[in-house]
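Participant: no FASTA, just this:
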């Protein structure tokens, strides 16, 4: 493995100690480099039974024979590390880098290894398994252990451990003082691939920093880091041994070190003089530079004044008190600076990244709202709408908003994270299984789970429409905006298009542009430019059809017409021999009109579903997608049908034509006289219009 460039890999903690090396002088008392290991290096080390040099690596635990429930240590034997510098004015500073490789045997890893500073180099008895060769059950936590270790754990051994893939700082005990999970960084210790580790300790400040780097299988580098302040003299005496320790348990692994270098740094009076000269020169240069910088700063203030005023006005519009206001630097750190390897998905309003908030020890989904030059005002409006709307909502089927951030041109929303992802990825997983063996199979979406998801989304919309303090229109109900937890409970999210209906005597909400997603938008949206409770119901009807059938409404749906009653469906051909296509609403209505509503069920279900529930879902979906908005049931009625067993609406056998203005009594919304339409900037008179689903397109 090629060791990465340390100038680009060291985190801030390690840069501090790297600066010591540049400004100070290397202590000749302890310095060594092993690019690899060979039999000629045996005299440089002390090995516990079973440890050895093999395959150009230090084998910390046995690599042959009985490998289970073994522990081992490899000690650098040429010289010890002095705890104090030569003047005994500060603890010794040092830097070390090594490449570790943990290779599971028989497919499963266990338990881990560690780099240690200790005054007791001998391997403790009974230190296999969870003890990592550091201590044992009788000596765990004893001050006389005199051990400071950085552990690399590949198996969860006790309840307080995060998981079986982390590193941590240990002091006289196997229970880590501080742990750092690695799975959220996509680093896998027990993957059989090399992990480059850099450690630096500053004896003056007590800062102990650790950086890990692993090459990604798809290119690039995966990084993680951690640091803390520690006084080594609280745990160690002089004459410190440098040790690698490791162990196996029921499951075995090769614990290998492939290269190692170590350097101590001493800060004496001579170093102080040289540092002083360099600091003086730096200050002189800084004075000259700062004069120019002040001018640039005031120019920048003038140029950005308008933007800063806009930022302050935007924050004044946000009246949420519950969510946390994060700093941009914290969210950059949590998402590895919005690394492409952390991307969870991308939508019309922004990109979502996986993040880990260290102070909360919490994995989150961070939405970075798009802010193009052409629609920056719209992006800010959607940001304010999403924060103000969802922060006041609380329901088991809604995604929880944890916090937000607005700095400069960045608009960020922090949500709870669901590892299973959005429903669309699961619903259409079978189409991607050939490209990714890690995809969850769509076969896991049994009918019971699909029906549970439909009920959950209905319950969430009922809360938005009728249960919250103010009615909320979601305006973008679709599978990609529905998250799933491990129990397949639906969580509705993405409120970028949501709007609140104020109770001011007029229960409607107007918009200046058609908003939503092609395939889920009701007919009347294109005539009124308005959202309503009815348009949410229509989108939910399309959602039901999509979950039942496993077909996407945004793509062409083949209408198959077979002359027999084969469950696979029916096939119809045009005069040129090509299959005809139609929108999912028209396709479902055609099946229903022919008495074949059950044929809408996903083929992957292979007929394993509750027929009465599928029939109920199809009828309810068609009722929700009735072209006349005043004929659609309310979402409260939908919930009563799905959950409480109320009678199912009976949609017409043949799909009605879309007629505008609609007939019937006005129910939910105040509709304008839509006989006035705008086309190409000119007003046109139109009092009647008949359309099909496929003739409508969204902006």
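Facilitator: Looks like it arrived, so ask away. Being a predicted model, the structure only gives us computed values, none of them experimental.
Participant: now the helices: where do they sit in the protein?
Facilitator: 6-9, 12-23, 269-317, 328-334, 376-390, 423-427, 447-462, 525-528, 533-549, 584-593, 611-624, 635-642 (DSSP state H).
Participant: per-domain residue ranges of this structure.
Facilitator: Using automatic domain parsing, the domains assigned to the chain come out as 67-222+232-252, 324-416, 445-695.
Participant: Out of those, which is the most enclosed?
Facilitator: Ranked by mean neighbour count, those are led by domain 67-222+232-252 with a mean of 19 (mean count of other CB atoms under 10 Å). In this view, the C-beta of every residue, glycine as well, is placed from N, C-alpha and C.
Participant: so how far is the first residue of that one from its last?
Facilitator: By CA to CA, to the nearest Å, the extent of domain 67-222+232-252 from end to end equals 6 Å.
Participant: Quick one: mean pLDDT over it.
Facilitator: Averaged across domain 67-222+232-252, pLDDT comes to 92.
Participant: next one: that domain to chain centre, how far?
Facilitator: 28 Å (CA atoms, centre = their mean, to the nearest Å).
Participant: I'd guessed residue 169 sits against residue 177; true?
Facilitator: Yes. At 5.0 Å, residue 169 counts as touching residue 177 under the criterion of CB atoms under 8 Å.
Participant: Let me have the domains of the chain in a markdown table, adding distance to residue 47 as columns.
Facilitator: Output for these, formatted as a markdown table (distance: least, CB to CB, whole Å):
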| stretch | distance to residue 47 |
| --- | --- |
| domain 67-222+232-252 | 6 |
| domain 324-416 | 37 |
| domain 445-695 | 45 |
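Participant: Out of the ones you listed, which gets nearest to residue 261?
Facilitator: With CB to CB, the closest approach to residue 261 among the domains of the chain belongs to domain 67-222+232-252: 5.6 Å.
Participant: lowest-confidence helix or strand of this structure?
Facilitator: One helix or strand of the chain scores below all others by mean pLDDT, DSSP states H and E: strand 676-679, with a mean of 26.
Participant: Residue 419 and residue 44: what is the separation?
Facilitator: 45 Å (CB to CB, to the nearest Å).
Participant: ok, these two, which is more surrounded?
Facilitator: Between residue 419 and residue 44, counting by other CB atoms under 10 Å, residue 44 is the more crowded of the two (15 against 10).
Participant: Give the closest residue to the most centrally placed residue in the chain in space, chain neighbours not counted.
Facilitator: Using CA atoms, centre = their mean, the residue of the chain that lies closest to the mean C-alpha position is residue 354, 1.9 Å off. Among residues not flanking residue 354 along the chain, residue 342 sits closest, at 4.7 Å (CB to CB, 6 or more residues apart in numbering).
Participant: For residue 289, see how far away the one you found is.
Facilitator: According to CB to CB, residue 342 stands 36 Å off from residue 289.
Participant: that older thread, model confidence for the residue nearest to residue 354, exactly?
Facilitator: Confidence score, pLDDT, at residue 342: 90.
Participant: Could you do residue 578 as well?
Facilitator: Predicted confidence (pLDDT) for residue 578: 46.
Participant: out of the domains of the chain, nearest to residue 52?
Facilitator: domain 67-222+232-252 (8.6 Å).
Participant: dump the residue contacts of residue 331.
Facilitator: When contacts are counted by CB atoms under 8 Å, 6 or more residues apart in numbering, residue 331 touches 355, 366, 405, 412, 414.
Participant: Which two of those have the greatest separation?
Facilitator: 355 and 405 (11.3 Å).
Participant: Quick check: neighbours shared by these two?
Facilitator: Contacts common to residue 355 and residue 405, judged by CB under 8 Å, 6+ apart, are 331, 414.
Participant: Now do stretch 586-605: distance from first to last residue.
Facilitator: This stretch, stretch 586-605, spans 22 Å end to end (CA to CA).
Participant: model confidence over that stretch, on average?
Facilitator: Rounded mean pLDDT across stretch 586-605 is 92.
Participant: Pull the distance from it to the chain's centre.
Facilitator: 37 Å.
Participant: and what of stretch 615-629?
Facilitator: With CA atoms, centre = their mean as the basis, stretch 615-629 stands 35 Å off its chain's centre.
Participant: Let me know the average pLDDT across it.
Facilitator: Rounded mean pLDDT across stretch 615-629 is 94.
Participant: for stretch 389-403, same thing?
Facilitator: Per-residue scores along stretch 389-403 average to 85.
Participant: which residues are in contact with it?
Facilitator: With CB under 8 Å, 6+ apart as the test, stretch 389-403 has contacts from 320-326, 362, 364, 386-387, 413-416, 418, 456-457, 459-460, 463-464, 467-470, 472, 483, 489-495, 498-500.
Participant: quick revisit: give me every residue that touches the residue nearest to the centre of the chain.
Facilitator: By CB under 8 Å, 6+ apart, residue 354 lies in contact with 184, 335, 342, 343, 344, 363, 364, 365, 366, 417.
Participant: do the same with residue 197
Facilitator: By CB under 8 Å, 6+ apart, the contact list for residue 197 reads 97, 98, 99, 100, 115, 152, 210, 211, 212.
Participant: Would you mind measuring from the last one to residue 366?
Facilitator: What that stands for is residue 212. Residue 212 is 22 Å from residue 366, by CB to CB.
Participant: Packing partners of the longest strand anywhere in the chain?
Facilitator: Longest strand of the chain, by residue count under DSSP state E: strand 253-266. For strand 253-266, the elements it packs on are helix 12-23, strand 25-34, strand 57-59, strand 71-76, strand 93-104, strand 111-118, strand 241-248, judged by 3 or more CB pairs under 8 Å, 6 or more residues apart in numbering; DSSP states H and E.
Participant: got the angle for it vs strand 241-248?
Facilitator: 160 degrees (axes from the mean of the first three to the mean of the last three CA atoms, to 10 degrees).
Participant: Provide the strand pairings for strand 253-266, with the direction of each partner.
Facilitator: Applying DSSP bridges, strand 253-266 is found paired with strand 25-34 (antiparallel), strand 57-59 (antiparallel), strand 93-104 (antiparallel).
Participant: overlap in contacts of residue 169 and residue 177?
Facilitator: Common contacts of residue 169 and residue 177 (CB under 8 Å, 6+ apart): residue 228.
Participant: Give me the buried stretch members for the longest strand of the chain, please.
Facilitator: 253-260, 262-266 (16 or more other CB atoms under 10 Å).
Participant: Out of the residues you listed, which is nearest to residue 206?
Facilitator: residue 265 (14.4 Å).
Participant: OK, contacts around the residue nearest to residue 354?
Facilitator: 335, 336, 353, 354, 355.
Participant: And for residue 620?
Facilitator: Residue 620 neighbours (CB under 8 Å, 6+ apart): 541, 544, 633, 638, 641, 642, 648, 649.
Participant: So the fifth one sits against residue 613, correct?
Facilitator: When you say that, I think you mean residue 641. No. The pair residue 641 / residue 613 is not scored as a contact, 10.9 Å apart, by CB under 8 Å.
Participant: With distance to residue 198 added, can I get the strands paired with strand 253-266 in JSON lines?
Facilitator: Putting those into JSON lines (distance: least, CB to CB, whole Å) gives the following:
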{"stretch": "strand 25-34", "distance to residue 198": "14"}
{"stretch": "strand 57-59", "distance to residue 198": "18"}
{"stretch": "strand 93-104", "distance to residue 198": "5"}
